[in-house]
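Enquirer: got a predicted structure here, sequence first:
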Amino acid sequence: MSKFFFLFVFFQIASLNLSSQIRGTFDIAATWSIGLETPGINTRVYFLLGDKICFGPEFSYFFEKSKSNHDETVSTSVFAVDFNAHYLIEIIEHRLEAYPILGLNYTKAVSYTHLTLPTNREV
């Protein structure tokens, strides 16, 4: 239930009308987990304050990956919630910017094991 509440709040924030002083972006992208070797989806909303400060929430979900080993199968999925802030530093005017990043992250991996019990059969 809490995942659905978070998604609801996240998309409500994403749909806010931005004032003329605050510009923003809403992005949805495919992503890849190297550790799990599975695809995922990433959504984020960034708000720009003036020309130098950018901040916003981000949500990533990596789809379930199952690995079998003899009599058990382990399934794992991961989601992450981030809040990031950037200060944009212009290196080449209107062409190249760099930014230090400051952020908070909460990541949760959910794993469960399916056991296949051996059966005794008489031949």
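Expert: Good, I have the coordinates.

Enquirer: all strands for the protein, in order.
Expert: 22-33, 38-49, 53-69, 72-87, 89-92, 96-98, 101-115 (DSSP state E).

Enquirer: so residue 76 bridges to which residues?
Expert: residue 65, residue 111 (DSSP bridges).

Enquirer: how close does it get to residue 53?
Expert: 36 Å (CB to CB, to the nearest Å). No exception for glycine: its C-beta is placed from N, CA and C like everyone else's.

Enquirer: again with residue 63
Expert: 34 Å.

Enquirer: residue 108 too?
Expert: The value you get for residue 108 to residue 53, if CB to CB is used, is 29 Å.

Enquirer: can you pick out the residue with more neighbours from these two?
Expert: Per other CB atoms under 10 Å, whichever of residue 108 and residue 53 has more neighbours is residue 53, with 13 against 10.

Enquirer: quick one: neighbours of the residue nearest to the more buried one when sequence neighbours are not counted, just the number.
Expert: Closest residue in space to residue 53, ignoring its immediate chain neighbours: residue 87 at 6.1 Å, by CB to CB, 6 or more residues apart in numbering. Using other CB under 10 Å, residue 87 has 13 neighbouring residues.

Enquirer: list the contacts for residue 87?
Expert: 52-54, 99-100 (CB atoms under 8 Å, 6 or more residues apart in numbering).

Enquirer: JSON lines for those, including distance to residue 68 and pLDDT?
Expert: Converted to JSON lines, those look like this (distance: CB to CB, whole Å; pLDDT from 0 to 100):
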{"residue": "52", "distance to residue 68": "51", "pLDDT": "87"}
{"residue": "53", "distance to residue 68": "48", "pLDDT": "90"}
{"residue": "54", "distance to residue 68": "44", "pLDDT": "90"}
{"residue": "99", "distance to residue 68": "43", "pLDDT": "87"}
{"residue": "100", "distance to residue 68": "43", "pLDDT": "91"}
